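**Q** everything below, folded, please.
(6 chains, ligands or ions: 9)
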Amino acid sequence: MSTGTNHTETKSTDEFIKGLWNENPVFVQVLGMCPVLAVSNTAENALAMGLATAFVLLMSNTLVSLLRNFIPKEVRIASFILIIATFVTITDYAIQAISVDLHKSLGAFISLIVVNCLILSRAEAFASKNTLGKSMMDALGMGLGFLFALFCLGAVREILGNGTFFGLALFPDTFQEWIVMILPAGGFFTLALWLLIFNLIKQRKEATA
Amino acid sequence: MSVQTLNISTSPHLTKGLSTETIMFHVVLAMLPMVFFAIYSFGFNAALVIFTAVASCVLTEHVLCKISKKPTTIGDWSATITGILLGLTLPPIFPVWMTFLGGVIAIAMGKFLFGGLGYNAFNPALVGRAILQAAFPVAITTWYGAFQLDRFTTINSSVLAFPFTEPIVDGTTGATPLSAFKFDGITTDATELAFGVVSGSAGETSAILIILGGLYLIRRGFMNWRIPVAILVTVFVFSGLLFWIDPVKYPSPLFMLFSGGLMLGAVFMATDMVASPITSLGVVLYGVLIGALVVVIRIWGGLPEGVMYAILLGNAISPHIDRLIRYRVYGTSKVQGHE
Amino acid sequence: MSKEAVKPTSNSFIMLRAMVGIGILCGFLIVVAYEGTLPRVQRLKAEALEAAIFKVIPGITQTKTFMWDGESFVPAKEGDDPRVYAGFDDSGELIGVAIEASGQGYADIIRILYGYDPQKQQIIGFYVLESKETPGLGDKIEKDESFLDNFIAMDVSLTDAGAIANPIVPVKSGAKQNDWEVDGITGATISSRAIGNILAESTALWMPRIFNHTSAFNVEM
Amino acid sequence: MSVIIAILVLGGLTLLLAVMLVIANKKLYVYEDPRIDVVEGMLPHANCGACGYPGCRPFAEALVGGKILPGKCTVSSSEGVESIAEYLGVALGAEEKQVARLACAGGTNVARNKAKYKGMETCQAASLVSGGGKGCFWGCLGFGDCEAVCDFDAIHMDEHGLPVVDEDKCTACGDCVEVCPKDLFSIQPINNRLWVACKNLEAGDEILEDCQVACTACGRCAMDAPGNLITMENNLPVIHYGVDELTRDPIQRCPTGAIVWLDQKLGAIKGRESKPVIRKSEREIGFS
Amino acid sequence: MNQESLGQIFINACLVNNFVLAYFLGICPFLGVSGKLGTATKMGGAVMFVMLISSMCAYGIHALLVAVDAEFLQLISYIVVIASTVQLVEMFIKKMSPTLFKALGIFLPLITTNCAILGLALFQTNKGYDFIQSIVYALGAGAGFTLALVLIAGFREQLEYAEVPKVIRGTILTLVIAGILSLTFMGFSGLGTQ
Amino acid sequence: MRSGSKEERNSTDAVLTLHRHTFKHGVHPPENKDDTNGLPIRRFPFSPLIILPVVQHLGAPSKLLVKEGQEVTRGQLLAEADGYMSVPLHAPVTGKIRKIANVPTISGKMVPGIYLEASPSSTQELVEGDGIDPDTATPEEILAGVQNAGIVGLGGAAFPTHAKLKIPEGKRCDDLIINGIECEPYLTTDHRVMLEQSDDIYMGIRYLLKSTGAKRAIIGIEANKQDAADFLSARLPDDLPVSIEVVPVKYPQGAEKMLITALLGKEVPSGGLPIDVHAVVVNVATTAEIGRLLPHGRGIQERVITITGPGVNKKGNYLIPIGTPLRYVLDQVDINGRISEVYMGGPMMGVAVSNLDISIVKGTSGIVVFTDQEVSRPDRIYPCIKCGACVDACPLSLNPSKLGILAKFEAFDEMAKAYHLMDCFECGSCAYVCPSHIPLVQYFRLSKSMVRKRKAS
Ligand SMILES: Cc1cc2nc3c(=O)[nH]c(=O)nc-3n(C[C@H](O)[C@@H](O)[C@H](O)COP(=O)(O)O)c2cc1C
Ligand SMILES: Cc1cc2nc3c(=O)[nH]c(=O)nc-3n(C[C@H](O)[C@H](O)[C@H](O)COP(=O)(O)O)c2cc1C
Ligand SMILES: Cc1cc2nc3c(=O)[nH]c(=O)nc-3n(C[C@H](O)[C@H](O)[C@H](O)COP(=O)(O)O)c2cc1C
Ligand SMILES: Cc1cc2nc3c(=O)[nH]c(=O)nc-3n(C[C@H](O)[C@H](O)[C@H](O)CO)c2cc1C
Ligand code: SF4
Ligand code: SF4
Ligand code: SF4
Ligand code: SF4
Ligand code: FES
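**A** Ligands and ions are numbered 1, 2, ... in the order given. The predicted structure is shown next:
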């Protein structure tokens, strides 16, 4: 597996890949669950939320990595939170400037990116210890991994729950929507389903390995 | 004396001779009159719904056992019970494909995930119904009148809706007594309710047969009588109190007792021993809680009926009841309630 | 394995400096973003509101915001409350007034905007600004044609005493007989009732005010 | 204007927070040796307890505290142990590898059951029901509790229902010793290859009825063994490892094959004298 | 100003719009700390406590920001103030009562980065609650969080001893139970309207 | 209820009436006593070989006094008590010690023992020691007499009776309870003893009252043995403060804790002994044995055993010498068909026999034999469906359902800490009623042994 072991110097691309798959923040680490569940009722929302999160993650990882030698250990958490909150605020305004409707449907969850455990944990566990380049790759990987997961959920929930994909009707008019998928319960169930799929894949891999 | 092999095993060497399978089978027997009455009053539609529910539950159970490489457990009748109860809680013109899905959900999510027979945290049939209700709220609140003349000649197009398509009901739909009360303030006569000449879920319409089935199981010792009694008494007393305060605003306690899914729920669903508390006192508390929730949801909530939600909440509380309410162990001074 | 040595307890000053420095930097970044996006955000919001007003008062070309100062309507400035939006046609003639109202729905607060025609004493348009009702069920209040038809010409005429003659009442689907009744939606009874109740409450407050002060809206554009 | 407000507000807030943290930092700092984390990271995290500590972290604490040497960890590979020793600058402290040994050879082909046990299929449970029904009270019941308990996959039941220890995988954690209700396992240095594979305390040939490879306490092995290598105690031979050099000779004296030589490759070797038991099938249960 | 009665606010925040089961807030601790009932109750207590504090803080900060016309700093100020207050409280408890700290303290840092806390602050501002309403809102939300946590923990403790298929054990099972509970809580809908 | 004074007895000459109190929960297994409860006690022939484990009691092993080859006479001391928790062993027959070697026991363990060959020609006359007079002896003398007679509890536990009778410092005994319940299905030993050895029982009570200092004795009898109760009350000597109480038929009424609750309305504290509620419980057969042996200074060498079950043709209540091999016993009573299970004790608590070479010991109260046809063990075990039947059966109000699930997942510590595992006395009521056929008692026995093991290590 590609997580850098032994003597080979880890490559930045490894950092990228690991976030996408091996250490996927949602399916493997189970982090940042609130937005994953709340804003994945349509593929579009999921995508937007994923992008917003990835952006904040990238920016904050970058800044944290840049400032890592200036921040004493004792105040690091507080400093990270400050930095993250800043980028979240910026993102919030940016989305408002793009589309009021989008902002309405993402709701309070843009603000809640601040407390997304994923971002703080990457800042703390990775960016504060690694060089700028690696930290950015890590952020990109994790961000895209997060986006990917969100999208997986959003797609399933929208297709079953609404009969559409990115707002486009997929089925004839007579399609019966499964409204439960759009409800909170559907979020829990869909995440459980994806986790199950991931676990099964993992299990199979281990069995063959 | 010819001895070859002695068998050895632990005491006790006697058993009462009752088995889980027997209990479950008798529950099925006790429900049969209801099933027949449902078919009698709602015709082929109900027959198809109930049959589909049972078939899908049993099939799901069998397939899951195969997948997990365990011997099949369909012989213990518990999947059949789940299927019958699921079928009985659905509207008689519920589409077959949705019913089938409900059966799969009930067994897979309500039972198998938790470890199968004996471990289900919630009542599997109600898990199936709850998810169906959330997924297809319109279809599951589309009621059909009982004793339609053509009930043994035609099958409603809604029942045969093509999988994944919206059902289209032909004929007029009827409001259930509860929603008639909630939204239009009309109450229905309690005797009509008791004998089941109203519209509603397939199995909830005849209180008398439900009670008879329950009495049979109680007599055979297969059912804990405290649960239905606690629920029904609580509903009666609570709603009676409200009725006494303001008979215009609140429905009569008899109406509360005999309408909706209360009877079926109290007698056959809240009594599922797996998801209910184990001690007598705990069971009474559980019943009182369910009864109170039913009244609260029906009277103050946004939904006309709350039996399903009340029972599921009761299931959620029952591990805590079991933790807090235990028998006082012989020779100890205090009731065990702590960790 | 990171080989980094554990830092000894840092100098307090370094900590203060780092935190305050970051704080100021952050403040600065936020202000820049805020100031940078503000005009566009405001414009988008105004446009969205305007679009909604145009929808609920058909046939207007311009709008103007008014505030109720307790006695009459005066042109509103930024941030004034409570307010209504008057809609005019090309000729500057008052066509109707749009009013915002809100109340508890099935899931959460529903915010609506409705248009009132003081001439005909009718509600002439209806739009949901914000709702979290169940998609597929409760959100029929935004989309269901027959439900929206309720609000094309809904009677809110006043009695001589200045109260609503026939308060708005929600009724069960298909039971509508009078212009002041809101015909419910099957499967979304709660949400549709909520709309009826919100309207009933809001109209009782605003109709007399607007009807009796129509002239206050006729100001120079 | 808003720039100034923002800077004032945030500057003020962060100042407040920073001051607080500074105070906290001054008052509540607890020192923990960072090497503990590092060493713990190098350990295998099996938490097996073979080192004598309740888990890997306490062992790491003890290592850093100099209370014990890294070689006590029986699970780590030798490189792993070396790297810890190197990191801490201490000696390896490695010991002779130890493994679990089974003192019973009574598989179903040679030992018979007197009664048929019905109930929970574990040795622990069966042993509580009239001893489990095996003819030889001391013998292995064969339900494989030891196989199940071994976290290292070092025990497998053979075709005759007798556990076989994989010497490479065994870490001497002692779980099997603890779980066996008949106390058949013990932890032994790997080079103790002369082995008494019987625990029955009866003397005489009657026991052969129940198990064909039982020790009948005939004492020949002890008589002919060099020096004091073997003595008879409680009707069983006891091998005094380390007293004299181990030889394979005693196995040649044993008429039943209860005393064996555990060859690294070939497994247990019985003496020529012992009656070969060629039966593969299970012996019938019961008696007349 | 919001007109909801205090009882309505409480029921809405606790049951109808339960933070965990309907709003998806605080899912991480919900998944992480719901394995044992003892821990779950303590966590619930700690969250309720922190919610109270942050609700009050948010009320104060909001007033301050409105006064200096810097509402765009709302988010960052909330989070900074909440984080610091929680830390202050943590230190205070540690000093005053080591036993309470043992019961509560270890959860406090966890809670700082919990959506439910910040969500509460933001929602209460959005809804325009006054001081008393805010406090009741915080109490309701905290009670709802605790309720959800305790109900799940009851199941998880019980299901530790169940033949749950191996792939499903842990998070997946918790999510399924949470989903069913979330459906169950839908039964309360409409309760807060009267 | 009947008490000792003459006037009262005359006034209530009717049958004894049912005692109202009983304990909570319990079960009603079919009694199956009718085959043997009408059969008088009969003497069993001597087996040519007697096999005597030296330890037949709970406690320290006794010390052997004889050598291989030695001739012994019936009643002679073979082993003496080694310490306070030990009792002597007497020769049940006149004969010759063939071998001193390990002997098999019912637990499967091999323990030191004696193989004694009976001499067919000898008279089998008893050796007697010094008798003890109940009126003049001191409590200490009585205790010593009980110990010297080798008496252990014949109710099943085989606990040295003198140790139980010794009232610890600071405690007192108010009530002496004579346990004539015999709640185990099939067994009729105590029933016959009450009908045939009433004088011995009353004599025994004299000794017991004296040694414990109790003010009164209560004989507890289950309602299905009304004839025994009536018979005993008719034979009650005037001067004895004894009352006879008939209690409802319910298993396990005979467990001492349950009996105390039924008769005295008190509960023995968890982890405590009857003496903590000022009571001592002794089985009727034990009492009769004391009354029979002490006046003559004899040692116990035989006991009454019910041999019954569908596999036995000559069912009955037999007086059998201790040490008689099981194989010999079964040969004598004519076993029909193929034996498949043999229990020592009743079917609820008795122990299954794995080896017919074991012998009758002092604690054996019954032998129940089943053949292939009768034994139909449920082959399918279902998971616990939480029906609560076990919870409502457990006389100690434990939660066997929860305990069973925890045991299945090996959570032994939690069982002991939170669910009172160690209180369970393995009565089997729970497993008897369980519709899922969960081997609850086996779980608990195993769990208890694991807990003890962990505690020890
Ligand atoms: C046992 C049982 C439980 C039920 N629980 C519910 C419930 O919780 N909610 C519900 O809406 N309908 C439930 N139903 C179906 C109702 O009783 C239904 O007939 C009721 O009147 C539905 O009214 P609605 O259309 O207005 O939702 C249940 C039926 C049964 C048999
Ligand atoms: C998952 C679910 C979502 C619901 N969402 C709404 C909703 O958004 N609006 C609403 O009015 N009722 C909602 N309901 C309530 C039911 O549909 C309710 O039975 C119905 O409003 C009663 O109405 P009817 O008489 O119109 O069928 C919901 C019910 C369920 C089960
Ligand atoms: C479940 C259970 C049932 C018992 N049943 C009886 C019984 O029926 N008769 C009896 O004498 N002792 C019975 N005992 C033993 C008594 O508890 C008690 O030990 C005995 O009566 C004391 O007398 P002993 O020492 O003379 O045997 C039972 C014990 C248990 C645990
Ligand atoms: C009195 C009684 C009521 C029952 N009720 C239900 C029920 O409501 N739903 C269900 O799925 N199974 C029910 N069962 C069957 C059984 O308990 C069920 O299959 C288990 O819940 C599956 O683990 C019932 C069984 C009995 C004896
Ligand atoms: S060695 Fe012990 S634990 Fe292993 S199978 Fe034999 S009896 Fe069981
Ligand atoms: S359980 Fe026994 S065989 Fe397995 S590693 Fe431990 S000591 Fe070795
Ligand atoms: S065996 Fe133990 S748990 Fe079962 S009923 Fe008897 S005392 Fe209770
Ligand atoms: S009797 Fe058996 S199935 Fe019923 S609760 Fe007890 S253990 Fe479970
Ligand atoms: S993302 Fe909400 S608590 Fe972790």
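
**Q** from chain A, which residue is nearest to chain F?
**A** residue A:199 (21.6 Å; CB to the nearest CB). To be clear about C-beta, it is placed using only N, CA and C from the backbone, and glycine gets the same treatment.

**Q** that residue - that's part of a helix, no?
**A** Yes. According to DSSP: H, G, I helix; E, B strand; the rest coil, residue A:199 belongs to a helix.

**Q** ends of stretch D:177-190, how far apart?
**A** From its first residue to its last, stretch D:177-190 covers 16 Å (CA to CA, to the nearest Å).

**Q** just the buried residues of it, please?
**A** By neighbour count on 16 or more other CB atoms under 10 Å in any protein chain shown, the buried set for stretch D:177-190 is D:177, D:179-182, D:184-185, D:187-188.

**Q** just flag the most distant two among those.
**A** Maximum pairwise distance among the buried residues of stretch D:177-190 (CB to CB): 20.0 Å, between D:181 and D:188.

**Q** sorry, back to before: neighbours around the closest residue to the residue of chain A closest to chain F other than its chain neighbours, how many?
**A** Nearest residue to residue A:199 in three dimensions, chain neighbours excluded: residue E:167, at 4.6 Å (CB to CB, 6 or more residues apart in numbering or on different chains). Using other CB atoms under 10 Å in any protein chain shown, residue E:167 has 16 neighbouring residues.

**Q** these two touch, right, residue E:167 and residue A:203?
**A** Yes. Contact criterion CB atoms under 8 Å: residue E:167 and residue A:203 qualify, at 6.2 Å.

**Q** so, low pLDDT: which residues of chain E?
**A** E:1-2, E:96-97, E:100-110, E:112-113, E:192-194 (pLDDT under 70).

**Q** let me fix that: the stretch 51-200 of chain D
**A** D:94-95.

**Q** need the residues of it near ligand 6, please.
**A** The stretch 51-200 of chain D comes close to ligand 6 at residues D:100, D:149-150, D:152, D:154-155, D:165, D:170-176, as judged by CB under 6 Å from any ligand atom.

**Q** can you select the buried ones from the residues you listed in ChimeraX?
**A** Buried members of those, defined by 16+ other CB under 10 Å, are picked up in ChimeraX with:
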select /D:100,150,152,154,155,165,170,171,172,173,174,175,176
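
**Q** quick check: the farthest pair among the residues of the stretch 51-200 of chain D next to ligand 6?
**A** D:149 and D:172, at 13.9 Å, using CB to CB across these.

**Q** and the residue nearest to residue A:199, what element?
**A** When elements are defined using DSSP states H and E, residue E:167 is found to belong to no helix and no strand.

**Q** from residue F:21, how far off is it?
**A** To residue F:21, residue E:167 is 54 Å away according to CB to CB, to the nearest Å.

**Q** residue in chain C nearest to chain F?
**A** residue C:134 (35.4 Å).

**Q** which parts of the stretch 301-450 of chain F sit against ligand 7?
**A** Residues of the stretch 301-450 of chain F lying near ligand 7 by CB under 6 Å from any ligand atom: F:393-394, F:396, F:398, F:400, F:424-430, F:440-441, F:444.

**Q** by neighbour count, which of those wins?
**A** residue F:430 (31 neighbours).

**Q** beta partners of the residue nearest the centre of chain C?
**A** Closest to where the C-alpha atoms of chain C average out (CA atoms, centre = their mean) is residue C:100, at 4.0 Å. Bridge pairing for residue C:100 (DSSP bridges) gives the partners residue C:113.

**Q** which residues touch it?
**A** Listed by CB atoms under 8 Å, 6 or more residues apart in numbering or on different chains, the contact set of residue C:100 reads C:84, C:111-113, C:129.

**Q** and for residue A:175?
**A** A:163, B:164-166.

**Q** from residue A:169, how far out is it?
**A** 8 Å.

**Q** spit out the residues that contact the two alike.
**A** Common neighbours of residue A:175 and residue A:169 (CB under 8 Å, 6+ apart) are residue A:163.

**Q** OK, contacts around the closest residue to residue A:147 other than its chain neighbours?
**A** Spatially, and ignoring its direct neighbours in sequence, residue A:147 is nearest to residue A:50 (3.0 Å; CB to CB, 6+ apart). Residues in contact with residue A:50, defined by CB under 8 Å, 6+ apart, are A:143, A:146-148, A:150-151.
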